[in-house]
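> Turn this into a structure:
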Amino acid sequence: MWAGAAALLTVPAIAMRFTAEVQWTASDFVVMGVMLAAACGAFEGLLRAGNGAAYRIAAALTVFGVFFLIWVNLAVGIIGSEDNDANMMFAAVIATVIGGACIAHFQPRGMARTLLAAAVLQVLIAAVAVIGRFGSVESVNWPKDIIGCTGILTAFWLISAALFARASRS
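Take a look at the predicted model:
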């Protein structure tokens, strides 16, 4: 897993040699390296906290969901562009997942509740953003980008919650 993360970090470096469309700075590599290290560490920790296929798949989806939420917000933003301060509302989802996991001591029943709360919060934030017109309303993709990304992340949270619930019964 760690070697895969390191290899993934080399992709933009290689791409930069062949195309001008990939423009990463040193800070981009540092941020992505920290994100990949945190994701790998979190996944390893969750694997040690539980056993069984349902728990492991739920853990992988949870870690990927948090990673994806952070990455999308840093790269392009969910609400408008990455410079839109309204994207900071999604930090509440990340805090819910991390805080809830710690409070639940990574036990499957508590993790299921945590991921259900994350799904509800994800939808509420998107609703506030759309109703409040916090995004780029002049954009062709308004509000499809918020709704689509919210749908994907909510699916991650709900599938993870269901798998953690299943793991708690076994």
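> Which helix or strand contains the spatially most central residue of the chain?
By C-alpha atoms, centre = their mean, the chain has its centre lying nearest to Val66, at 2.4 Å. Using DSSP states H and E, Val66 sits within helix 53-75.
> and the closest residue to Ala42 other than its chain neighbours, how far is that from Gly132?
Distances taken as C-beta to C-beta, 6 or more residues apart in numbering place Val63 nearest to Ala42, at 5.0 Å, with adjacent residues excluded. Heads up, the C-betas are built off the backbone N, CA and C, glycines and all. With distances taken as C-beta to C-beta, to the nearest Å, Val63 is found 30 Å from Gly132.
> quick one: which of the two has more around it?
Val63 (23 against 10; other C-beta atoms under 10 Å).
> okay, now the domains of the chain?
Listed by automatic domain parsing, the domain ranges of the chain are 1-49, 52-169.
> So the closest residue to Ser136 other than its chain neighbours, which state does it fall into?
Excluding the flanking residues, the one nearest Ser136 by C-beta to C-beta, 6+ apart is Gly80, at 4.4 Å. At Gly80, secondary structure determined by DSSP: H, G, I helix; E, B strand; the rest coil is coil.
> and Gly80, how many neighbours does it have?
Neighbours of Gly80 (other C-beta under 10 Å): 20.
> that older thread, average pLDDT for the helix holding Val66, rounded please.
Mean per-residue pLDDT for helix 53-75: 94.
> Alpha carbons of it, as PDB, please.
Output of helix 53-75 as PDB, limited to C-alpha atoms (Å, rounded to 0.1, in the frame of the first residue of the first chain):
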ATOM      1  CA  ALA A  53     -14.400  -8.400   5.100                       C
ATOM      2  CA  ALA A  54     -17.300  -6.000   5.800                       C
ATOM      3  CA  TYR A  55     -15.200  -4.000   8.300                       C
ATOM      4  CA  ARG A  56     -12.200  -3.800   6.000                       C
ATOM      5  CA  ILE A  57     -14.200  -2.700   3.000                       C
ATOM      6  CA  ALA A  58     -16.000  -0.100   5.100                       C
ATOM      7  CA  ALA A  59     -12.700   1.100   6.400                       C
ATOM      8  CA  ALA A  60     -11.300   1.500   2.900                       C
ATOM      9  CA  LEU A  61     -14.400   3.300   1.700                       C
ATOM     10  CA  THR A  62     -14.300   5.700   4.700                       C
ATOM     11  CA  VAL A  63     -10.600   6.500   4.300                       C
ATOM     12  CA  PHE A  64     -11.100   7.000   0.500                       C
ATOM     13  CA  GLY A  65     -14.200   9.200   1.100                       C
ATOM     14  CA  VAL A  66     -12.300  11.500   3.500                       C
ATOM     15  CA  PHE A  67      -9.300  11.600   1.100                       C
ATOM     16  CA  PHE A  68     -11.600  12.300  -1.900                       C
ATOM     17  CA  LEU A  69     -13.500  15.100   0.000                       C
ATOM     18  CA  ILE A  70     -10.200  16.900   0.900                       C
ATOM     19  CA  TRP A  71      -8.600  16.400  -2.500                       C
ATOM     20  CA  VAL A  72     -11.600  17.700  -4.500                       C
ATOM     21  CA  ASN A  73     -11.900  20.700  -2.200                       C
ATOM     22  CA  LEU A  74      -8.300  21.500  -2.500                       C
ATOM     23  CA  ALA A  75      -8.100  20.900  -6.300                       C
END
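> Fine by me, we can end here.
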